[in-house]
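Novice: Sequence first, predicted model second:
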Amino acid sequence: MNDAPESRPSGVLRDPLLLRMLGFGFFSGLPLPLGAATLQQWFTTSGISLHSVALTAWLGLPYTVKFLWSPLFDRAPPRWAGGLGRRRFWLFLVQPLLACACATLALTDPSLNAIHTAIAAAALTFLSASQDILIDAWRIETFPEARQGAALAAYVWGYRTAMLTSGSGAIALSVVLGWHGSMLSMAAVLALAPLLTLSVAEPRLHLRLAPPGFLAALRHSFFDPLAEFFVRPAALEILAFVILFRLGKVLADNTAISFYHQAFGFSSAMVAYANSVPSLLGTLCGAAFGGWLVARLGTVRAVLITGALEAASLGLYVALLAFGSVWMLFVKVSGEAFAGAAADAAFLTFVSALCSRNYTATQYALLSSLAAVAFRTVGGGAGYAAEALGWVPFYVLTIVASLPALAIMLHLRRVAAR
């Protein structure tokens, strides 16, 4: 774990490598709304039933279980791949397929056959999750730990810009071009991704190649990455930290919409606006701040500071209860977005540093999936807890729920210092 101060990284606009990371963030974020919110809007305007629209949430499952096929991408490319290298070869294979899946989605019509549209969207999300695995692996293997925070900040800037493009942008474009034209426009943008892949360098690593034979290759791909991780000192404590780090924020996020409507009666339009421009500005600034902290103070101290900042930001729910005004809603949303993005930049830098370069794709996909465990489990009970406790005690509880992860990190820091 790196805890030594490092020099400040170059600005994104002055660094060609960070500019490419921003581009990868854009192409990574663009497909996400197309298989989620934008698709739901298309279904709704096509007269699809409410329960069928809700079922589209299952299309996001590949993002949660992507670790299941991530070992494939840690294998060496076939000999006929030429000089592309491991990461660029798989990206160059996945990205055109992703653009084709988006084009196929655009050519379907949910009002005529929603099943065909859902199948195309499922292919889109699977390939999108696959692209995420590869981009994360390329980032981890390309940037040194001290620059991972800056790389993640650039990635977040591109990612959030893309989500606006394929979210509200695609929905607005559908008014002018129709849904087919809007979706085809997104496919045309995705078709540019392989050009970015060809413009980057393949990470230079000495790799352990999979041994011959099916069983040996299976062990190398699936079991060796786990074994390599679990023989490390404090492996279980690290896993506990990864699982618990976002617990408080997950509990708060899962009640936010109900909180805005039930406690204050804010309109949906007001909440949507607060979660667009103010949230975006907070996220972009927070990601940059988190990346700067990693470079300035080292990963562990950055995690501790931003984790504490994120826990404190949950107190803005209580402040909103105290003031109850629209301006305080904007302060709350932008402040929480700032703290959350800063914490994410430091946390993901820490997780990236845990990954062996021989199994980058597999281990990062697994650890990032574990980071979502709280959302998929106890997050679902947040509403029951808020009803039982009341808003103020519940949000105090979310702050308290953020502290165990920070305590574990302090313990890991003391162990590493011995």
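Specialist: Received the coordinates, thanks.

Novice: helix or strand for the closest residue in space to Ala191 that isn't next to it in sequence, which one?
Specialist: Spatial nearest neighbour of Ala191, chain neighbours left out: Ala99 (4.2 Å); criterion: C-beta to C-beta, 6 or more residues apart in numbering. Where you see a C-beta, it was placed from the backbone N, CA and C, and this is true even at glycine. According to DSSP states H and E, Ala99 maps onto helix 86-107.

Novice: and that helix, what does it pack onto?
Specialist: helix 31-34, helix 114-142, helix 170-190, helix 193-199 (3 or more C-beta pairs under 8 Å, 6 or more residues apart in numbering; DSSP states H and E).

Novice: What are the buried residues along stretch 289-308?
Specialist: If you call a residue buried by 16 or more other C-beta atoms under 10 Å, then stretch 289-308 has these buried ones: 289-307.

Novice: Same check on stretch 336-355?
Specialist: 336-352, 354-355.

Novice: just stretch 386-405 next, same as before
Specialist: For stretch 386-405, a neighbour-count test (16+ other C-beta under 10 Å) marks 386, 391, 394-395, 397-399, 401-402, 405 as buried.

Novice: same question, stretch 196-204
Specialist: 196-197, 200, 202-203.

Novice: quick check: mean pLDDT across that stretch?
Specialist: For stretch 196-204, mean pLDDT is 90.

Novice: got a list of what Leu251 touches?
Specialist: Contact analysis of Leu251 by C-beta atoms under 8 Å, 6 or more residues apart in numbering lists 378-379, 382, 385, 394, 397-398, 401.

Novice: Rank the buried residues of stretch 386-405 by pLDDT and give me only the lowest.
Specialist: Ranking those by pLDDT, Ala386 lands last with 87.

Novice: tell me the contacts of that residue?
Specialist: 255, 258-259, 394.

Novice: neighbours around Ser313, how many?
Specialist: Counted with other C-beta atoms under 10 Å, residues neighbouring Ser313 total 25.

Novice: and the closest residue to it other than its chain neighbours, how far is that from Leu320?
Specialist: What sits nearest to Ser313 in space, not counting adjacent residues and going by C-beta to C-beta, 6+ apart, is Ala339, at 3.7 Å. Per C-beta to C-beta, to the nearest Å, Ala339 is found 15 Å from Leu320.

Novice: Likewise for Phe245?
Specialist: 24 Å.

Novice: Between those two, tell me which one has more neighbours.
Specialist: Phe245 (27 against 22).

Novice: Do I have it right that the more buried one meets Ala346?
Specialist: No. Between Phe245 and Ala346 there is no contact under C-beta atoms under 8 Å: 9.9 Å.

Novice: My read is that Thr142 contacts Pro203, right?
Specialist: Yes. Between Thr142 and Pro203 there is a contact under C-beta under 8 Å: 5.1 Å.

Novice: okay, and the common contacts of Phe245 and Ala346?
Specialist: Joint contacts of Phe245 and Ala346 (C-beta under 8 Å, 6+ apart) are Gly307.

Novice: returning to that earlier point: tell me the phi and psi of the residue nearest to Ser313?
Specialist: With angles defined as degrees, to the nearest 10, Ala339 sits at phi -60, psi -40.

Novice: Could you break this structure into its assigned domains?
Specialist: Annotated domains of the chain cover 12-207, 220-417 [automatic domain parsing].

Novice: Val176: neighbour count?
Specialist: 8.

Novice: for Trp80, that is, sorry about that
Specialist: Counted with other C-beta under 10 Å, Trp80 comes out at 6.

Novice: got it, and Gly315?
Specialist: Gly315, neighbours per other C-beta under 10 Å, totals 16.

Novice: Please report how far it lies from Val331.
Specialist: 12 Å.

Novice: Skipping adjacent residues, who's closest to Gly324 in space?
Specialist: Nearest non-adjacent residue to Gly324 (C-beta to C-beta, 6+ apart): Phe264, at 5.8 Å.

Novice: show me the contacts for the one you found.
Specialist: 320, 324, 329.

Novice: In contact with the nearest residue to Glu202 once chain neighbours are set aside, which residues are there?
Specialist: Of all residues not flanking Glu202 in the chain, Gly85 sits nearest, at 3.0 Å (C-beta to C-beta, 6+ apart). Gly85 makes contact with 77, 202-203, according to C-beta under 8 Å, 6+ apart.

Novice: just Leu134 next, same as before
Specialist: Contacts of Leu134 by C-beta under 8 Å, 6+ apart are 73, 87, 90-91, 94, 361.

Novice: ok, 10 Å please
Specialist: 24, 28, 70, 73, 86-95, 197, 360-361 (C-beta atoms under 10 Å, 6 or more residues apart in numbering).

Novice: same deal with Thr108?
Specialist: Contacts of Thr108 by C-beta under 10 Å, 6+ apart are 42, 114-121, 179-180, 183.

Novice: To what extent is the nearest residue to it once chain neighbours are set aside buried, counted in neighbours?
Specialist: Computed as C-beta to C-beta, 6+ apart, the closest residue to Thr108 that is not its neighbour in sequence is Thr117, at 4.2 Å. For Thr117, the count of nearby residues is 24 (other C-beta under 10 Å).

Novice: Thr117 and Met183: what is the separation?
Specialist: 10 Å.

Novice: do Phe338 as well
Specialist: Taken as C-beta to C-beta, the span from Phe338 to Met183 is 33 Å.

Novice: again, but for Val271
Specialist: Applying C-beta to C-beta to Val271 and Met183 gives a distance of 27 Å.

Novice: Between those two, which has more neighbouring residues?
Specialist: Applying other C-beta under 10 Å to Val271 and Met183 shows that Met183 carries more neighbours, namely 27 against 17.

Novice: dump the residue contacts of that one.
Specialist: 34, 38-39, 42, 102-108, 120, 166, 170, 173-174, 177.

Novice: quick revisit: any figure for the gap between the residue nearest to Ser313 and Ala256?
Specialist: Taking C-beta to C-beta, one finds Ala339 at 14 Å from Ala256.

Novice: wait, doesn't Leu284 sit right on Phe338?
Specialist: Yes. The pair Leu284 and Phe338 passes the contact test of C-beta atoms under 10 Å, sitting 9.0 Å apart.

Novice: Overlap of the contact sets of the two?
Specialist: Residues touching both Leu284 and Phe338 (C-beta under 10 Å, 6+ apart): none.

Novice: Let's see which of the buried residues of stretch 289-308 end up in strands.
Specialist: Residues of the buried residues of stretch 289-308 located in strands (DSSP state E): none.
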